[in-house]
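Enquirer: fold the following, please.
(2 chains)
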Amino acid sequence: MKKKNKDKQPSILKKASSFLSIRNLKYEYIRRDEENNVEGITTAVDDVSFDVKAGEFIAVLGHNGSGKSTLAKHINAILFPEEGEVILDGMDTKDEEKLLDIRRTAGMVFQNPDNQIIGQVVDEDVAFGPENMGVPTAEIAQRVEESLKTLGMWEFRNASPNRLSGGQKQRVSIASVIAMHPKCIILDEPTAMLDPRGRYEVIRAARALNEVEGITVILITHYMEEVIHAHRVLVMDKGKVKMEGTPREIFSRVEELKRMRLTVPQITELAWELKKEGLPLSDGILTREELVRELTEYKHRKG
Amino acid sequence: MIRDITLGQYYQKDSLIHRLDPRTKLVGTLAYLVSLFIFTRPLVFALAAVFLILVLILSRVPFSYMLKGLKPILFILIFTLIINMLFTRGTVIFSWWKLNITIEGLKQAGSMGIRLVLLILGSNLMTLTTTPTRLTNAMEHLMRPLKLLRVPVHEIAMMMSIALRFIPILLEETDRIMKAQLARGADFESGNAIKKAKSFVPVLVPLFISAFRRANDLAMAMEARCYHGGKGRTQYKPLKYKGRDFAAYTVLILYIAAVVVLGKLC
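Expert: Got it, this is the predicted structure:
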């Protein structure tokens, strides 16, 4: 492929300018009754603007119906903005001629593992994307091997997807996207239907892709624990971006999060409750280790 | 349990027949089926049976496995035999009440029975040695000339393979919905046929809704992965004829020639 070498490892250093830029995006779902009259309008995404740098790991948080999935579908041109614009790697998503380029630049992993695996065998599914892109046969085989090995699913290459666990299916889905050599992957609630073990597998895979391969990751989720490792977190509520910042900054604002019906990770909540009771702890504690360290320090100081 | 259903009853083994190109097997099976119906001479049937047994030995599929394939058609087979035996006119050799068994009837029943058995065994052999994916692939290739008549060959093949992928998933879902409805007191067992059919409505409605949702999700996932029809699409595992396929075609032609010679001359 023409861009094969270039699109493999975009690093933050190489490209400092914004990779994805969303400006005043607005999208409405219009409900119609049987006679096609407008029954009601739901504004799913309302005047959202933000930028993502190449190589970043962004998490978008929000409870159900906050518009986060709708937002995600705009990034790789599955939905088109009604107002505003989405510019991905210099391409306007409204440009129909660039449609395939946009979709190969930003791959997408969906929520339901069963409904996104097209092949009857794991390796055939991974090959589906490259086949559509017109990659030569010899290179498809190479890409399939490479991406299945990256996700640790190579030994399952001849298995039927129906025999895999949820976490394994999602890893196959990620491998299928990686085989298209995208610069960015969007994970749209990839763990919502998985058990804790599957969630751990998928999040670890996403982090590895970001850290090792330098792929920009946009993770849409409502599990707080999954966003701790993100570089930046956006919190959405009722179609708007309500908060933006590092995980630590976001989780220092426990009360605001609670008002948006979001819960903070257990450890953060515990630290917050302790602080309310008068212990001198810092804001936005994310991990158990941090809390233990602060508590022991406090104990030493107190004598 | 339900996820263990394998469609097309593929029997995993590494044999010459398994390794043949699926197109060769598809064409071969069709030719074989036709060869069974051109002539009615016993010698032709003998040849066809010998040919099938040879292929069966090469395929290394256990014979008991093949016989299992005959079970579902046992009833049709016996029914055909009886009808043919009783209702063919000719020289009567045995007669009881209004029923007459004739020489011609026996012959007719015999040849029909042999034909049916060979027909089922022959097509079973193909599905036992070829995965559904490869069969779909072969059909797409063989139907390519139809593209000139604007038949959407690629789309048909894609639909078939998606159907094959989703049948086990939908079966599992049906099972789950039935259990859910049973837990709410639904009754699928009692009553007459109409009542039973009606009792399935609460299963079918959620099943259909979920199938549509799945179709929607799948379409989106396919689009997200750059699917835009068959145009400009390359293949991961393209079908390629190898030496063994040409050998197989030669054997097939020889077999057909032998059938024609035996049928015409003897």
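
Enquirer: and the helices in the stretch 51-200 of chain B, which stretches?
Expert: Remark: helices assigned in the stretch 51-200 of chain B by DSSP state H, counting those that start in this stretch are B:63-68, B:74-86, B:103-129, B:132-142, B:153-183, B:193-199.

Enquirer: go through the second one and flag the buried ones.
Expert: Which is helix B:74-86. Buried residues in helix B:74-86, counted by 16 or more other C-beta atoms under 10 Å in any protein chain shown: B:80-81, B:84-85. C-beta here means a position set from N, CA and C on the backbone, and glycine is covered the same way.

Enquirer: minimum distance to A:Y298: which of the helices of the stretch 51-200 of chain B has it?
Expert: Across those, A:Y298 has its closest neighbour in helix B:153-183 (51.6 Å, C-beta to C-beta).

Enquirer: A:A159 reaches A:D123, doesn't it?
Expert: No: A:A159 is beyond contact range of A:D123, at 9.1 Å (criterion: C-beta atoms under 8 Å).

Enquirer: returning to what we had before: so for B:F37, which of the helices of the stretch 51-200 of chain B sits nearest?
Expert: Of those, the one closest to B:F37 (C-beta to C-beta) turns out to be helix B:103-129, at 6.9 Å.

Enquirer: show me what that closest one is packed up against.
Expert: helix B:16-19, helix B:22-38, helix B:42-59, helix B:63-68, helix B:74-86 (3 or more C-beta pairs under 8 Å, 6 or more residues apart in numbering or on different chains; DSSP states H and E).

Enquirer: now that helix: buried residues?
Expert: Neighbour counts using 16+ other C-beta under 10 Å place B:105-122, B:124-129 of helix B:103-129 among the buried residues.

Enquirer: the helices and strands packed on helix B:103-129: lowest mean pLDDT?
Expert: Of all the helices and strands packed on helix B:103-129, the minimum mean pLDDT falls on helix B:63-68 (a mean of 81).

Enquirer: how about it, which residues are buried there?
Expert: B:M66.

Enquirer: need the CA coordinates for that helix. CSV is fine.
Expert: Taking Å, rounded to 0.1, in the frame of the first residue of the first chain, the C-alpha atoms of helix B:63-68 are listed here in CSV:
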residue,chain,number,x,y,z
PHE,B,63,-18.0,-45.3,6.1
SER,B,64,-20.3,-45.2,9.1
TYR,B,65,-20.2,-41.4,8.9
MET,B,66,-21.5,-41.6,5.4
LEU,B,67,-24.3,-44.0,6.3
LYS,B,68,-25.5,-41.5,8.9
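
Enquirer: touching, A:I140 and A:P130? I think so.
Expert: Yes: assessed by C-beta under 8 Å, A:I140 is found in contact with A:P130 at 4.6 Å.

Enquirer: overlap in contacts of those two?
Expert: Any residue near both A:I140 and A:P130 by C-beta atoms under 8 Å, 6 or more residues apart in numbering or on different chains counts here, and that gives A:179, B:234, B:236.

Enquirer: who's in contact with stretch B:247-262?
Expert: Under C-beta under 8 Å, 6+ apart, the answer for stretch B:247-262 is B:20, B:24, B:27-28, B:31-32, B:35, B:38-39, B:41, B:43-44, B:47-48, B:51.

Enquirer: where does chain B dip in pLDDT?
Expert: In the prediction, chain B carries residues with pLDDT under 70 at positions B:1-9, B:266.
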